[in-house]
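1. Everything below, folded, please.
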Amino acid sequence: MRTAAGFYRQHKVKLGVLLVTALLVFWLVVSFQRSFLLLGAPEPVAKAIGVGYLLLPCIGAWALIRELLFGAQTQRMARQLESEGGLPVDDLPRTPSGRIVRSAADEAFPAYQAETEADPDNWRSWFRLSYAYDAAGDRKRARRAMRDAGKLYRQGPAGTSR
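-> Okay, here's the model as predicted:
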């Protein structure tokens, strides 16, 4: 029989995403309501603020959907790589707090970079490069590499398709 603590440990990330998503949806609903109240006000300044305030939840909804789709696609790619035995091995040394030792990540990085340069049309190599960037502490490039992996994954070219 599974305990609540075991369930939480197994699904911690998904529960966190669910909580943040619920809070953002609540904010979107309240923002839409407030913007329509301001649009109904007789003062022109209130109407202008209402229009501006209406844009915020639209941008928030777009960002939420985009990030949820990105996460789902990343998870699909990871599952496929795991089934193929192609996920990067997490064997880098860690500090007592659990962070990857930066110098070790920097030493491992060139291998992933060379793999991607040798086969730039393979989503699998971009996926692994993203993990190498993340381990090296470069989150911006890690995210960009994962987006590139996602584009190639969706295209599914011959020889490297899903």
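2. hey, which helix is longest across this structure?
-> Using DSSP state H to assign secondary structure, the helix with the most residues in the chain is helix 44-84.
3. Any regions of the chain where pLDDT drops low?
-> 1-2, 5, 8, 157-162 (pLDDT under 70).
4. mind listing the helices for it?
-> Using DSSP H, helices in the chain cover 4-10, 12-39, 44-84, 102-118, 123-135, 139-155.
5. deepest of the ones you listed, which one?
-> helix 123-135 (a mean of 23; mean count of other CB atoms under 10 Å). Where C-beta positions appear, they are placed from N, C-alpha and C, glycine not excepted.
6. That helix packs against which elements?
-> helix 44-84, helix 102-118, helix 139-155 (3 or more CB pairs under 8 Å, 6 or more residues apart in numbering; DSSP states H and E).
7. tell me what the longest helix of the chain is packed against?
-> helix 12-39, helix 123-135, helix 139-155.
8. Quickly list the domain ranges of this protein.
-> For the chain, automatic domain parsing gives the domain ranges 4-84, 102-155.
9. do you know which of those domains lies nearest Arg94?
-> domain 102-155 (8.9 Å; CB to CB).
10. Distance across that closest one, terminal residue to terminal residue?
-> Counting by CA to CA, to the nearest Å, you get 34 Å between the two ends of domain 102-155.
11. thinking again about what came up before, adding distance to Arg94, write the helices of the chain out as TSV.
-> Shown next, in TSV, are those (distance: least, CB to CB, whole Å):
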stretch	distance to Arg94
helix 4-10	19
helix 12-39	19
helix 44-84	20
helix 102-118	9
helix 123-135	10
helix 139-155	18
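12. With Asp91 as the reference, name the closest of these.
-> That would be helix 102-118 among the helices of the chain, by CB to CB, at 9.0 Å.
13. Between helix 139-155 and the closest one, find me the angle.
-> Angle between the axes of helix 102-118 and helix 139-155 is 30 degrees (criterion: axes from the mean of the first three to the mean of the last three CA atoms, to 10 degrees).
14. what helices or strands is helix 102-118 leaning on?
-> Looks like helix 102-118 contacts helix 123-135 (3+ CB pairs under 8 Å, 6+ apart).
15. residues making contact with the helix it packs on?
-> Helix 123-135 is contacted by residues 77-78, 81, 84, 86, 88, 92, 100, 105, 108-109, 111-113, 115-116, 118-120, 139, 141-143, 145-146, 148-153, 160 when judged by CB atoms under 8 Å, 6 or more residues apart in numbering.
16. Perfect, that will be all.
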